[in-house]
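**Student:** Kindly generate the corresponding structure for this input.
(one chain, ligands or ions: 2)
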Amino acid sequence: MKVVVALGGNALGKTPEEQLKLVKQTAKSLAGLIKAGHQVVISHGNGPQVGQINLGLSYAAEHGEGASFPFPECGALSQGYIGYHLQQSLKNELPDKDVATLITQILVDEKDHAFQNPTKPIGSFYSKEEAEKLAAEKGVTFKEDAGRGYRQVIASPLPEKIIELNAIKTLIENGTIVIAGGGGGVPVIKTESGLKGVPAVIDKDRSSALLADNISADTLIILTAVDYVYVNYNKPDQKTLKDLSVSEAKEFIAEKQFAAGSMLPKVEACLSFVENHPERKAIITSLAGLDDALAGKLGTVIHN
Ligand SMILES: Nc1ncnc2c1ncn2[C@@H]1O[C@H](COP(=O)(O)OP(=O)(O)O)[C@@H](O)[C@H]1O
Ligand SMILES: NC(=O)OP(=O)(O)O
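**Tutor:** Ligands and ions are numbered 1, 2, ... in the order given. Below is the predicted model of the structure:
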């Protein structure tokens, strides 16, 4: 089996210590997959992390410590930070294997309407009052995020092409465990003078689905902070979705059952991967639930 496993940014905790602990746990499950002979490519989100990096470096710049960093550079920094934890944890589990994190750029369309409609939550969660204060101070937009509080939102254009795809394929073919597409990839556009980073954060679930399709994977696994996808989420009549066909998922999307900016892009990414591909499947579950999901005991399975 060739699998792309995407670790969610919010699911990676709030501090380097917490993130490393969570990554170590997940690395054990990923190592089990690899030891069983499956080819595994890993990607990850960066919402909280890229926001923290950008805010921290902006604060430093405001206090005379260097210059503030644009979002493409913050995205690249997050790929190194999270990639380092994944690379080290997997190497500790699989000392005889080569593990490599690839700084990944992903082409987007500069005319994407996403640049006029910021939807991607980044950074920490704030109260409504805190968000309104920060929005006024910094001139940025905040939106409510899946009932968890308010977060800054940034443009999230659709991923069109993975610039380093051939390098990823070469590493896979050589038996290297690849960490790629981190944070959805650094968003770049084509200009007359070449590639250029743009201030955006691509949704890693959509990038992971593109990567899975590009490398002809048969399974896409999206790991987040919930064991299943639900309808009537967080309501008294919440219902667990264990098995979802494309048509059923589209009906629930039409009913707005999945929060925009959080679960909706996950379900849409899975649909883009499995639709018209009966040989493929996608699973959405929690980081801690990976082993049980692989055993068919947990997680929402999405199929054509
Ligand atoms: N219908 C739903 N079913 C399950 N979770 C949902 C649903 N709608 C919103 N969510 C929220 O979406 C979150 C996953 O989105 P997000 O935090 O952006 O993912 P990531 O782990 O990739 O950062 C879940 O942890 C949950 O809080
Ligand atoms: N870039 C991205 O999708 O990050 P999250 O998984 O944290 O949303």
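**Student:** alpha carbons only for contacts and neighbour counts from here, please
**Tutor:** Noted.
**Student:** in stretch 39-49, what counts as buried?
**Tutor:** Within stretch 39-49, the residues that count as buried by 16 or more other C-alpha atoms under 10 Å are 39, 40, 41, 42, 43, 44, 45, 46, 47, 48, 49.
**Student:** Out of these, which sit inside strands?
**Tutor:** Counted as lying in strands by DSSP state E, out of those, are 39, 40, 41, 42, 43, 44.
**Student:** where along the chain do the helices fall?
**Tutor:** 16-35, 47-62, 71-93, 128-138, 165-173, 204-214, 246-254, 263-274, 290-294 (DSSP state H).
**Student:** got a list of what the residue in the stretch 51-200 of the chain that ligand 1 sits nearest to touches?
**Tutor:** When scored by C-alpha to the nearest ligand atom, the stretch 51-200 of the chain has residue 146 as its residue closest to ligand 1, at 5.0 Å. Contact partners of residue 146, counting by C-alpha atoms under 8 Å, 6 or more residues apart in numbering, are 259, 260, 262.
**Student:** The second one and ligand 1, how far apart?
**Tutor:** What that stands for is residue 260. Taking C-alpha to the nearest ligand atom, to the nearest Å as the measure, residue 260 falls 8 Å from ligand 1.
**Student:** Return the residues of the stretch 51-200 of the chain in contact with ligand 1.
**Tutor:** Within the stretch 51-200 of the chain, the positions adjacent to ligand 1 are residue 146 by C-alpha under 6 Å from any ligand atom.
**Student:** Sketch out the low-pLDDT regions of the stretch 51-200 of the chain for me.
**Tutor:** Applying pLDDT under 70 to the stretch 51-200 of the chain flags no residue at all.
**Student:** at 90 what do you get?
**Tutor:** For the stretch 51-200 of the chain, applying pLDDT under 90 flags the ranges 66-68, 138, 146-147.
**Student:** Which one of the residues in it is closest to ligand 2?
**Tutor:** residue 183 (3.9 Å).
**Student:** Enumerate the positions of stretch 293-301 that are buried.
**Tutor:** Quick answer for stretch 293-301 (16+ other C-alpha under 10 Å): 293, 298, 299, 300, 301.
**Student:** How about stretch 177-193?
**Tutor:** For stretch 177-193, the neighbour count (16+ other C-alpha under 10 Å) marks 177-189 as buried.
**Student:** which residues does residue 25 contact?
**Tutor:** residue 288.
**Student:** Then the one 5 residues further on?
**Tutor:** By C-alpha under 8 Å, 6+ apart, the contact list for residue 30 reads 40, 90.
**Student:** From residue 38, how far off is it?
**Tutor:** 10 Å (C-alpha to C-alpha, to the nearest Å).
**Student:** mind checking how far residue 266 is from residue 285?
**Tutor:** Taking C-alpha to C-alpha as the measure, residue 266 falls 11 Å from residue 285.
**Student:** Spit out the residues that contact those two alike.
**Tutor:** residue 222.
**Student:** Comparing the two, which shows the higher neighbour count?
**Tutor:** Neighbour count, other C-alpha atoms under 10 Å: between residue 266 and residue 285, residue 266 has more, with 28 against 22.
**Student:** Pull the contacting residues for that one.
**Tutor:** So residue 266 contacts 205, 206, 222, 284 (C-alpha under 8 Å, 6+ apart).
**Student:** Neighbour-wise, which one of those residues leads?
**Tutor:** Among the contacts of residue 266, the one with the most neighbours (other C-alpha under 10 Å) is residue 205, at 32 neighbours.
**Student:** Restricted to strands, list the buried residues of stretch 293-301.
**Tutor:** 300, 301.
**Student:** Reformat the buried residues of stretch 293-301 as CSV; add distance to residue 139 and pLDDT.
**Tutor:** Formatted as CSV, those follow (distance: C-alpha to C-alpha, whole Å; pLDDT from 0 to 100):
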residue, distance to residue 139, pLDDT
293, 42, 95
298, 42, 97
299, 39, 98
300, 39, 98
301, 41, 98
